[in-house]
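> Sharing a model prediction with you, sequence too.
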Amino acid sequence: MRKEVPLIITFLAGFFFIADYFIPHTGFSNIAADVNGWAIIVLAFSYILGVGNVLRINAQRIAKKEKDWVLKVILVLCLFFMLGIGIFGGIAEGSIFDWFFVNTYTPMQATMFALLAFFIASAAFRAFRVRTTQAALLAITAVLVMIGRVPIGETIWKSFPDFTEWIMGVPQLAGKRAILIGAALGAISTGLKVITGLERTYMGQD
Amino acid sequence: MNKRKFCLVAVIALIALNFFALVLSAQEASTSPATPSDSRWFDTNRFNVFITLAIVFGAILWFIGRAKKGKSLFVRRIAGLDAIEEAVGRATEMGKSVLYIPGIHDMNDIQTVASMIILGNVAKTIARYDIPLIVPIRMPFVVPVAEEAVRQGYSSAGRLDAFVKDNIRFISDEQFAYAAAVSGIMLRERPAANLLLGSFYAESLLLAETGASTGAIQVAGTANIHQLPFFIVACDYTLIGEELFAASAYLSREPKLLGSLKGSDLAKAVIVLAIILGTILETAGVKWFTKLFIVQ
């Protein structure tokens, strides 16, 4: 039963949404919208599982006073604090929840995002070390594209920006589209395997 | 009728009943004067997509049938997938854990589904070596699926006793909170191998560079083309696009799954031929062929 029921649901849901793409009938589209609504409700309930997972894992570590257990206490307290002020005070603009979110989480998020600038520099340094012919081609193309996209490029050679656009629009785009086509076919193949029940690993035990 | 069949019929009846209720409510909605209605049962503008999909599905099913009959199917070597075994071996030698990051999207993303399939195979390999497998997760819906995939892997290897449920951890559904927490796991627990397989966005480089700084062997894979360059420069091996979807067939070597791989390869060959033919005809000024592929 653990296999058959999920397989039937997956099969019906899969082919239903494929059919939805080809059937523009209003009645059918309304059903699809309702089924999508069910999915959102199920997803919302999954957050209870998520919170349960966080509490279970951290409570055990706090109880055993494992390494950094104080940080786990702070995590659990913050979780309940934000949950409490969100439930009792609302999450609208100007609420206490919103104040905490904007003044604590948003700057921390921006800090993490800002780290990307440094990581891009270190990654670029590694990528542009010319060790092979391919690496040399990559470095030369990157330098040409960079020069073509700044004003000095046009000063050096009037057609530099057009040449850069050609690199981006023809060879680069061709490669990108080849990967996209392959990935799309892979996605269709995986989808079909899941819908028809050929691929069952994700379902767990028999 | 035994209990098993009864339950099956009950579930199907329940689904059918719900569907019937939906049809009724949808019919009411469609007959209300405020809703602009469409009475067509097939969108002829999408006939070309239907035909293409039918060809792809047909090719996949045909090759699966061939594989079932025992025909041998060749699959080229994928270095990134071979490296997973190597990475697990290295982690075993060092007595350290393996970190598996299944991307940041929910189960409605096919890349996450593919990642869960790979996770099951990876868990099976790891169970044999008896080292910890840590799986940090961003979306809560993925948690039970990952738990089941890992449990299945350990069970298949006959090591269900070694399965640690607490190593499958829900982190946060906020993208950068998740990236910060996973970077923290990399720096504190120092896994010997990081496997980043699934759908990634701006956090890809943050995770891959942090992992590289810890000296871990890294295998990444995604179909999000904008993140591929980051993985290629920061990771030891990268699965590019379709290789991520081919992983389950490649790792399990199951004939049915290898058949599906061959089917999509045939579809790819047809697309390449169509592109070449389209380029020639378009250059010659013949427009009807390219118009066949316009999707409205």
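Arrived safely, thanks for sending. Numbering: from 1, shown residues only, chains lettered A, B, ... in the order given.
> What average pLDDT does the biggest helix by length in chain A get?
Longest helix in chain A by number of residues, with DSSP state H as the criterion: helix A:26-63. Averaging the model's pLDDT scores along helix A:26-63 yields 91.
> what about the next helix or strand after that helix and chain B, any contact?
From helix A:26-63 onward toward the C-terminus, using DSSP states H and E, the following helix or strand is helix A:69-89. No. Judged by Cβ under 8 Å from any Cβ of the partner chain, helix A:69-89 stays clear of chain B, getting no closer than 9.6 Å. (C-beta placed from N, C-alpha, C; glycine too.)
> still on that earlier bit, check whether the longest helix of chain A contacts chain B.
Yes. Helix A:26-63 is in contact with chain B by Cβ under 8 Å from any Cβ, via A:26-31, A:34-35, A:39, A:42-43, A:46-51, A:53-54, A:56-57, A:60.
> In this structure B:Tyr237 contacts B:Ala83, no?
Yes. Applying Cβ atoms under 8 Å as the test, B:Tyr237 and B:Ala83 come out as touching, 4.3 Å apart.
> Spit out the residues that contact these two alike.
Common neighbours of B:Tyr237 and B:Ala83, using Cβ atoms under 8 Å, 6 or more residues apart in numbering or on different chains, are B:Val219.
> Please determine how far A:Ala13 is located from chain B.
Counting by Cβ to the nearest Cβ, to the nearest Å, the gap between A:Ala13 and chain B amounts to 9 Å.
> ok, that residue - contacts?
In this structure, A:Ala13 makes contact with A:Val35, judged by Cβ under 8 Å, 6+ apart.
> for the one 3 residues further on, same thing?
Applying Cβ under 8 Å, 6+ apart, we find A:Phe16 in contact with A:Ala32, A:Val35.
> how's chain A carved up into domains?
Taking automatic domain parsing as the reference, chain A has its domains at A:1-89, A:128-206.
> could those domains be laid out in a markdown table, adding distance to B:Ala246?
Formatted as a markdown table, the domains of chain A follow (distance: least, Cβ to Cβ, whole Å):
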| stretch | distance to B:Ala246 |
| --- | --- |
| domain A:1-89 | 20 |
| domain A:128-206 | 6 |
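> List buried members of the residues of helix A:26-63 next to chain B by neighbour count.
Under a neighbour-count criterion of 16 or more other Cβ atoms under 10 Å in any protein chain shown, the subset of the residues of helix A:26-63 next to chain B counted as buried comprises A:26-31, A:34-35, A:46, A:49-50, A:53-54, A:57.
> Show me the shaky parts of the chain.
Just so you know, I chose chain A. Low-confidence segments of chain A (pLDDT under 70): A:1-2, A:202, A:204-206.
> Hmm, no, I was thinking of chain B.
Chain B contains residues with pLDDT under 70 at B:1-36.
> Spatially central residue for it, please.
Chain B has B:Ala114 as the residue nearest its centroid, 1.8 Å off, counting by Cα atoms, centre = their mean.
> where does B:Tyr100 fall, helix, sheet strand or coil?
In the three-state summary, B:Tyr100 is assigned as strand, counting by DSSP: H, G, I helix; E, B strand; the rest coil.
> That one reaches B:Ile134, doesn't it?
Yes. The pair formed by B:Tyr100 and B:Ile134 meets the contact definition of Cβ under 8 Å, at 7.1 Å.
> Of the two, which one has the most company?
In this comparison of B:Tyr100 against B:Ile134, neighbours counted by other Cβ atoms under 10 Å in any protein chain shown, the higher total goes to B:Tyr100 at 30 against 20.
> Which residues does stretch B:126-134 contact?
Under the contact criterion Cβ under 8 Å, 6+ apart, stretch B:126-134 has outside partners B:88-89, B:91-92, B:95-100, B:122-123, B:150, B:153-154, B:156-159, B:162-164, B:167, B:169, B:185, B:189, B:191.
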